[in-house]
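# have a look; sequence and predicted model below, questions after that.
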Amino acid sequence: MFDAIVGIVSSTGYIGVFFLMLLENIFPPIPSELIMPLAGFSAAKGELNFFGVVAAGTAGSVAGALPWYYAGAKLGQDRLMRFTEKHGYWLTMCPEDLDKANDWFSRHGKAAVFFGRLLPTVRTLISVPAGLARMPMVAFIAYSTVGSLIWTALLAFGGYVLESQYDKVSDYLDPLSIAVIALIVIAYVYRLIRLKRR
């Protein structure tokens, strides 16, 4: 699994990092906690440039935040709640999740976008209340970019500095990456069942 993901990142390059991070922010197929360290790992091997990896990851993360921002801005609170009740099941999103994101945004204001980009669960949903509040686009992109830059740079740097320990890292990360993906699938199925019961 480790070698497979490294191979995907290496073969697709910056475009692959960009789109993986974009998708991770819309509907997480592979978490950024795996994407960016492995992209940093590829950079340490000389296959990619470290700063290019961070830039691609940050750009993908910010681009992935925009659809949720526009969903909040265009649909509004009531329509978004109805959409979530009707279609949120497959996204494992419920009205309560939106309420939590709204509360977080109302308590912390614009800073919520910055700090939200650093938190795995909040990272996607924080864009919705920002859109609902019609947060100025320039400010939204600026806060999202800085928060995403810090997050992606830290993850990529972690993979970069571990390059010299390739054999040890692959031995540990191979089962770990399988476990992370398995946990994502289990969490997704669990949320589907929980929402269905509601």
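Yep, that arrived.
# mean confidence score for the host helix or strand of L154?
In the assignment (DSSP states H and E), L154 maps to helix 137-161. Averaged over helix 137-161, pLDDT sits at 92.
# quick one: buried residues of that helix?
Applying a neighbour-count criterion of 16 or more other CB atoms under 10 Å, one finds 140-141, 143-149, 151-153, 155-157, 159-160 buried in helix 137-161. Just so you know, the C-beta spots here come from the backbone N, C-alpha and C atoms, and that holds for glycine as well.
# the longest helix in this structure is where?
Using DSSP state H, we find that the single longest helix of the chain is helix 50-87.
# which strands and helices lie in contact with that one?
Contacts defined by 3 or more CB pairs under 8 Å, 6 or more residues apart in numbering; DSSP states H and E place helix 50-87 against helix 2-26, helix 32-44, helix 95-108, helix 122-125, helix 127-132, helix 137-161.
# before we move on, the earlier item: which residues are contacting the helix holding L154?
Under the contact criterion CB atoms under 8 Å, 6 or more residues apart in numbering, helix 137-161 has outside partners 21, 32-33, 35-44, 50, 53-54, 57-58, 61-62, 65, 69, 110-111, 113-118, 123, 127, 130.
# repeat the analysis, applying 7 Å as the threshold.
Here helix 137-161 makes contact (CB atoms under 7 Å, 6 or more residues apart in numbering) with 32-33, 36-41, 43-44, 50, 53-54, 57-58, 61-62, 65, 69, 110, 113-115, 117-118, 130.
# and of the helices and strands packed on helix 50-87, who's closest to A73?
Across the helices and strands packed on helix 50-87, A73 has its closest neighbour in helix 127-132 (3.9 Å, CB to CB).
# CA-only coordinates of that closest one in CSV, if you can.
What follows is helix 127-132, C-alpha atoms only, in CSV (Å, rounded to 0.1, in the frame of the first residue of the first chain):
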residue,chain,number,x,y,z
SER,A,127,-16.3,26.6,4.5
VAL,A,128,-20.1,26.2,4.7
PRO,A,129,-20.8,28.8,7.5
ALA,A,130,-18.2,31.1,5.9
GLY,A,131,-20.4,31.0,2.8
LEU,A,132,-23.6,31.4,4.8
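# I appreciate the help and will end here.
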